[in-house]
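Student: give me coordinates for this.
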Amino acid sequence: MLLFLMAIEDAESRDLLEKIYYAYHKEMYYIANNILNNSHDAADVVQTSVIKLIPYIEKINDVKCNKTKYLIVTIVKNTAIDLYRKKSKQPLIELEGAEAIPCLNSQFMDDIVVRLGDAKMLAEKLAKLKSEYADVLTLKYYFEFEDVEIAEILKYLFQMSV
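Tutor: This next block holds a predicted model:
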């Protein structure tokens with residue numbers, strides 16, 4: 001949760017977003033989990049949905065009003081449905097046939113170890129970049145935002161800094 005809070009420079013907006021998160025995170029999780037039936041994916045949807053709230057933070061006056069709740073529910077549902085559609089396009093493999101998959105051998109495990117090392121190196125390199133560049137790369141490749149969504153977030157952040 002701290003990553004997207006750091007992206008907001010205005011303390012008032014950051015506090016409001018934090019209040020929204022603490023007020024609604026259980027409901028957001030419940031909605032996402034009902035759609036996805038997967039607790040890990042539901043938690044990811046909650047985090048992504050909070051990030052998607054950033055462009056609307058200036059329009060939110062009251063955390064507990066029905067308009068705020070409706071906005072949050074809409075964003076969570078749409079984000080969960082998008083993830084559900086994305087995951088439903090990926091083929092599932094029956095466990096009975098899993099041993100026949102050639103990638104489940106020691107070479108595959110070696111590849112995983114190499115990828116973990118690459119991820120550590122990538123994190124170190126991102127830490128050396130200016131935070132603006134690192135944030136864009138994180139939004140794109142970790143949170144899998146579309147370019148248009150990243151542009152909206154950056155536009156919002158730019159407007160806040162001016």
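
Student: need the pLDDT of the residue nearest to the spatial centre of the chain.
Tutor: When CA atoms, centre = their mean is applied to the chain, the residue found nearest the centroid is T48 (3.0 Å). pLDDT recorded at T48 is 90.

Student: I figured it hits T79, correct?
Tutor: Yes. Using CB atoms under 8 Å, T48 is in contact with T79, at 5.4 Å. (C-beta placed from N, C-alpha, C; glycine too.)

Student: packing partners of the lengthiest helix in the chain?
Tutor: Counting residues, the longest helix found in the chain (DSSP state H) is helix 11-36. On a contact count with 3 or more CB pairs under 8 Å, 6 or more residues apart in numbering; DSSP states H and E, helix 11-36 meets helix 2-6, helix 39-52, helix 66-88.

Student: from I51, how far out is E12?
Tutor: To I51, E12 is 18 Å away according to CB to CB, to the nearest Å.

Student: low-confidence stretches in the chain?
Tutor: Low-confidence segments of the chain (pLDDT under 70): 1-9, 91-120, 142-143, 157-158, 160-162.

Student: next, count neighbours for M28.
Tutor: A count of nearby residues for M28, using other CB atoms under 10 Å, gives 26.

Student: now L139
Tutor: With other CB under 10 Å as criterion, L139 counts 22.

Student: what's near enough to touch it?
Tutor: By CB atoms under 8 Å, 6 or more residues apart in numbering, L139 lies in contact with I51, F145, E149, I150, I153.

Student: hmm, the first one is touching I150, no?
Tutor: No. Under the contact definition of CB under 8 Å, I51 does not touch I150, with a separation of 10.3 Å.

Student: show me which of the two is the more surrounded one.
Tutor: More crowded of I51 and I150, by other CB under 10 Å: I51, with 22 against 17.

Student: roughly how far does the more buried one sit from K130?
Tutor: 20 Å.

Student: kindly report the same for K64.
Tutor: The spacing between K64 and K130, counted by CB to CB, is 37 Å.

Student: many thanks, we can stop here.
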